[in-house]
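Student: okay, structure incoming, though there's no sequence with it:
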């Protein structure tokens, strides 16, 4: 009788060992890179951390399926110094039946963020092998920022062009008005002002002509 | 200072001061090529050893041609068309060629400036848009084209260019490129609006800013890890390479195109100088500054390339470390970059079979350093990738693209000058058309024609223009320039001109170069260039996502109609040289029968009128 009781008590753990093994069809491998993520603030992986992991997975499964999962439903095995291990999830109704890998994956995917945060890790450092992280879609602001910069630059350039063109036209108008006043002056004084104010190449042939053409 | 005054005498614009002139000329010579072509040539041609043929080409080809252009422009006080027409009407076509070629170059050059603007606008985004791949339609993964190549490549080829897989497939106008092209031309317009008055002020910024940025990058780059690896590897001379004639050819070609000779812009710029200006010293300053900038610029470029190679190498090792850590389940971070070799040896000796089955990446720093790129590839792919790894990426990206923008803009000034002033001298436009309107019209026409480069196949066309238009015609024009000045105008008369301007005759070094060395070098470069181009049917690298070895570019041959266009693009600018010569020969022949006067280059119409009037009065 005694032996039967012992056997009966040992059965779950034996079964558990058989249910959870590396490369189990319904199992998932997990890899943690705590030192890579946290550097000097890295924590030691121990039994309690493992317990936290089991708890978070139980939480995820409960939330996702609606059934009540306990920590004992999450079986962990094949732990390595890497910190990697395999885990399987048993059904709360039947301890010898495993939840399918697909369901576990979906649950993990849905609550990935919560699981990551429990361990202060990210999608890359808390790796569920085979479960792709949901990609964060790049933030698209309402107005593309480049259009804003472009708009600023083009408004400055256009304003500059308009300003220069308008000032040139105004200047020309003013000059033309002045020339209209000057045209009444004596021809000789005009030549003299040209002589004094001129910066360009002075062509002597014209000035030499002046005394000749005067009759 | 207006172009025409009411007094009737047409006044030539003048530089406000010598500094403006020097900055404009240096800005014209120093362009994008100094930053993205010279370092590449250094890299593929044995590092520091390339500087030797480069400096020799500068001394015997670059400086003499530069001095010649500056001197003749300053003496004859006209732009390219006027100058060559003055020397001999038979050479008038040389100026027209310069003008046409300047126009063609400015079309595609400003497209590159437009791309720089596009990247500049996007550098204000956080995170930089070329750092991540976009998601595909159903958000399950990243865009396939991006996955296969890299995010940086994807941003350049797809989001910037939206390139078609073949030059024959034109695609449609990419509105964002049109917008950037219009911006680029608007900036050119506003800088050029008052002629050299406005350029002279703009160059204070555009010519000096690149040096500031290069210095900032130099300081930053030298503090990056891997910078010294890059510098040592890329500058270490490989003297064996000097035996390869292609090195000498590329050095001569590079110095020639780098100095922007035969554009006509330098002649025009120096024609605004006072008559007695020491153009010999100017030529030396511009030439040496240009080469010094190339060498100075390659230091931060190499340092950053070294950093990029080191980062890629480290990432490669990290990948291997992760693979090994995961496979052998050793503790996280036990294996690091420092002790990689020991761990690797340990694993390799104890489990050799398994290690080789893991297919670890082959990480060799030399391989990463050997990856070279030039031109748009360097700026928009390699450098943008390097900038991502630097802390504060936005700042570095913004600085880098403003630098490229100012480099391109200051070169555009010379190009536009080489178009506008000859147009005036050819009397293509009536005199009452103000400068602003003419400049605006040229910019508008350039935008409209430049829309070709905003099509899906635009980048292929830019490459076509760059390789063919921006090369062979200049060699021919420069050859005719030097022959025209030295042999038609006459060495003796030219020496007297120089003595008038600088106070002393050119020494034996200049004379030897002008009369013998430079023309021969030009001929050799031209012939070798043509021979090398003619040896293989021209192909181009096409970005084809459906190619088997994508992301490698597919080498496709140019279709026949494109080939025909290439030939037209090369011949059309040059055809004016023989056409004008023949036309003037015929006219001279006809005139000789009616009038005994020979074509006197110094024939000034004013004297003709005066003698005519004097004749009438007597």
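Tutor: Received, thanks. Remember, it's a predicted structure, so these values are computed and weren't measured experimentally.
Student: and residue A:177, how far from residue A:166?
Tutor: 17 Å (CB to CB, to the nearest Å). Bear in mind the C-beta positions are built from the backbone N, C-alpha and C, glycine included.
Student: swap in residue A:32?
Tutor: Separation of residue A:32 from residue A:166 (CB to CB): 69 Å.
Student: ranges for the strands of the stretch 501-618 of chain B?
Tutor: B:539-542, B:554-557 (DSSP state E, counting those that start in this stretch).
Student: just name the most buried of these.
Tutor: strand B:539-542 (a mean of 15; mean count of other CB atoms under 10 Å in any protein chain shown).
Student: that one pairs with which strands, parallel or anti?
Tutor: Paired strands of strand B:539-542, with direction, are strand B:554-557 (antiparallel) (DSSP bridges).
Student: A helix includes residue B:399, no?
Tutor: Yes - applying DSSP: H, G, I helix; E, B strand; the rest coil, one finds residue B:399 inside a helix.
Student: is stretch A:169-186 anywhere near chain B?
Tutor: Yes - using CB under 8 Å from any CB of the partner chain, stretch A:169-186 reaches chain B at A:175, A:179.
Student: now do the buried residues in that stretch.
Tutor: Residues of stretch A:169-186 classed as buried by neighbour count (16 or more other CB atoms under 10 Å in any protein chain shown): none.
Student: between residue A:32 and residue A:166, which one's more packed in?
Tutor: Neighbour count, other CB atoms under 10 Å in any protein chain shown: between residue A:32 and residue A:166, residue A:32 has more, with 20 against 10.
Student: what's the burial count for the nearest residue to residue A:55 once chain neighbours are set aside?
Tutor: Distances taken as CB to CB, 6 or more residues apart in numbering or on different chains place residue A:71 nearest to residue A:55, at 5.6 Å, with adjacent residues excluded. Residue A:71 sits with 15 neighbouring residues when counted by other CB under 10 Å.
Student: and if you look at the one 4 residues further on?
Tutor: The burial metric for residue A:75, expressed as a neighbour count using other CB under 10 Å, is 22.
Student: list the contacts for residue B:165?
Tutor: B:542-547, B:554 (CB atoms under 8 Å, 6 or more residues apart in numbering or on different chains).
Student: residues contacting stretch B:442-458, please?
Tutor: Contacts for stretch B:442-458 (CB under 8 Å, 6+ apart): B:103, B:106-108, B:110-111, B:161-164, B:166-174, B:177-178, B:181-182, B:185-186, B:188-189, B:192, B:416, B:419-420, B:423, B:459, B:461-462.
Student: apologies, that question was intended for stretch A:88-104.
Tutor: By CB under 8 Å, 6+ apart, stretch A:88-104 touches A:12, A:15, A:19-20, A:24-28, A:57, A:61, A:64-65, A:67-70, A:73-75.
Student: if we can go back for a sec, TSV please, covering the strands of the stretch 501-618 of chain B and showing mean pLDDT and distance to residue B:530.
Tutor: Shown next, in TSV, are these (pLDDT from 0 to 100; distance: least, CB to CB, whole Å):
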stretch	mean pLDDT	distance to residue B:530
strand B:539-542	88	17
strand B:554-557	88	19
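Student: could I get these as JSON lines with distance to residue B:121?
Tutor: Below are these laid out as JSON lines (distance: least, CB to CB, whole Å):
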{"stretch": "strand B:539-542", "distance to residue B:121": "27"}
{"stretch": "strand B:554-557", "distance to residue B:121": "30"}
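Student: of the contacts of stretch B:442-458, keep whichever come out buried.
Tutor: The neighbour count (16+ other CB under 10 Å) marks B:103, B:106-108, B:110-111, B:161-164, B:166-167, B:171, B:174, B:177-178, B:181-182, B:185-186, B:188-189, B:192, B:416, B:419-420, B:423, B:459, B:461-462 as buried among the contacts of stretch B:442-458.
Student: that older thread, which of the contacts of residue B:165 has the largest number of neighbours?
Tutor: Neighbour counts for these (other CB under 10 Å) peak at residue B:543, which has 23 neighbours.
Student: list the contacts of the closest residue to chain A within the stretch 351-500 of chain B.
Tutor: Chain A sits closest to residue B:436 of the stretch 351-500 of chain B, with a gap of 6.0 Å, by CB to the nearest CB. Contact analysis of residue B:436 by CB under 8 Å, 6+ apart lists A:164-165, A:168, B:193-194.
Student: now those as a markdown table including pLDDT, neighbour count and secondary structure?
Tutor: Shown next, in a markdown table, are the contacts of residue B:436 (pLDDT from 0 to 100; neighbours: other CB atoms under 10 Å in any protein chain shown; DSSP: H, G, I helix; E, B strand; the rest coil):
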| residue | pLDDT | neighbour count | secondary structure |
| --- | --- | --- | --- |
| A:164 | 89 | 16 | helix |
| A:165 | 88 | 16 | helix |
| A:168 | 87 | 16 | helix |
| B:193 | 87 | 20 | coil |
| B:194 | 85 | 19 | coil |
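Student: ok, so of the residues you listed, who is nearest residue B:15?
Tutor: Nearest to residue B:15 among the contacts of residue B:436, counting by CB to CB, is residue B:194 at 13.2 Å.
Student: show me what contacts the closest one?
Tutor: Applying CB under 8 Å, 6+ apart to residue B:194 gives the contacts A:164, A:168, B:435-436.
Student: if we use 7 Å, what do you get?
Tutor: Shown in contact with residue B:194 (CB atoms under 7 Å, 6 or more residues apart in numbering or on different chains): residue A:164.
Student: picking up where we left off before, ok, which pair from the contacts of residue B:436 is furthest apart?
Tutor: A:165 and B:194 (10.3 Å).
Student: now do the residue of the stretch 351-500 of chain B closest to chain A against residue B:324, distance only.
Tutor: The gap separating residue B:436 from residue B:324 is 69 Å, by CB to CB.
Student: again with residue B:523
Tutor: Taking CB to CB, one finds residue B:523 at 61 Å from residue B:324.
Student: neighbour count winner among the two?
Tutor: Each of residue B:523 and residue B:324 has its neighbours counted (other CB under 10 Å); residue B:324 has more, 20 against 12.
Student: thought that one was touching residue B:334?
Tutor: No - at 10.1 Å, residue B:324 does not count as touching residue B:334 under the criterion of CB atoms under 7 Å.
Student: can you give me how far the helix or strand harbouring residue B:436 is from the chain middle?
Tutor: Counting by DSSP states H and E, the element that carries residue B:436 is helix B:435-450. Between the mean C-alpha point of helix B:435-450 and the mean C-alpha point of its chain there is a distance of 21 Å (CA atoms, centre = their mean, to the nearest Å).
Student: pLDDT averaged over it - what is it?
Tutor: What helix B:435-450 shows for mean pLDDT is 93.
Student: list the buried residues in that helix.
Tutor: In terms of neighbour count (16+ other CB under 10 Å), helix B:435-450 has its buried residues at B:435-436, B:438-440, B:442-443, B:446-447, B:450.
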